[in-house]
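[1] Predicted model and sequence below, questions to follow.
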Amino acid sequence: MSNRILVAYASRAGSTQEVAEAVAKALREQGQEVDVRAVREVRSLEPYAAVVVGSAARIMRIYADAVSFVKQHRAALQNMPTAFFVSCMTMKEDNEKNRETVSGYLKPLTALVSPAAVGLFAGKMDASKVGGLMGAMMKKAKVEDCRDWEAIRVWAAGLPAVFFSNQPSSP
């Protein structure tokens, strides 16, 4: 079986999709075959040896479609290396308290599947891409991009070793 990796993401405004693409790029630079898909587009995990699931967090929780994805594919995810990441403005300041808070956002996922790795990343806030009441309340807020692309790249580049360290090497 190949070591193809799926990077599945839940994003509304596109910021977390960009993080997922950066994760995929770093994995490809490590020689991995990678597909990137929105969680709602994924029907089967059959072609994959490992999965990375990422979600934005807003109002102190990750998106429901990320939770639904993990629930739907729970049996498969419990039997393959899985990593989770969250992208949110709480991580704008990377400190112990915020890491604990944001780790808590992942509890709906970690209660279902024990991840091999977890990434906690700062996000991007662009009120023009936020709809509904939240967008209306924030419409005068400035665009703020706090993503640390190097931290994302380093985390993602380490995933193949975490995912596949127990597999025998090819001759």
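    Now that the structure is in, tell me what you want to look at. Numbering: from 1, shown residues only.

[2] if I read this right, Val67 contacts Pro108, doesn't it?
    Yes. Contact criterion Cβ atoms under 8 Å: Val67 and Pro108 qualify, at 4.7 Å. Every residue, glycine included, has its C-beta placed from N, CA and C.

[3] Which one's more surrounded, the two?
    Val67 (20 against 17; other Cβ atoms under 10 Å).

[4] give the contact list for that one.
    By Cβ atoms under 8 Å, 6 or more residues apart in numbering, Val67 lies in contact with 108-109.

[5] same deal with Leu77?
    By Cβ under 8 Å, 6+ apart, the residues touching Leu77 are 45, 51, 70, 112-113.

[6] next one: Val42
    Contacts for Val42 (Cβ under 8 Å, 6+ apart) come out as 6, 8, 69, 73.

[7] Could you provide the residues you listed in CSV, with additional columns for distance to Phe85 and pLDDT?
    Putting the contacts of Val42 into CSV (distance: Cβ to Cβ, whole Å; pLDDT from 0 to 100) gives the following:
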residue, distance to Phe85, pLDDT
Leu6, 13, 98
Ala8, 11, 98
Phe69, 14, 98
His73, 17, 98
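
[8] Redo those residues as CSV? Include distance to Val154, neighbour count and secondary structure.
    As requested, these are exported to CSV (distance: Cβ to Cβ, whole Å; neighbours: other Cβ atoms under 10 Å; DSSP: H, G, I helix; E, B strand; the rest coil):
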residue, distance to Val154, neighbour count, secondary structure
Leu6, 21, 23, strand
Ala8, 21, 25, strand
Phe69, 25, 26, helix
His73, 27, 23, coil
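
[9] what sits against Arg74?
    By Cβ under 8 Å, 6+ apart, the contact list for Arg74 reads 112-113.

[10] how close does it sit to Met80?
    To Met80, Arg74 is 11 Å away according to Cβ to Cβ, to the nearest Å.

[11] what number of residues lie near Ser68?
    14.

[12] Name the nearest residue to it, ignoring sequence neighbours.
    Using Cβ to Cβ, 6 or more residues apart in numbering and skipping the chain neighbours, the partner closest in space to Ser68 is Val39 (7.5 Å).
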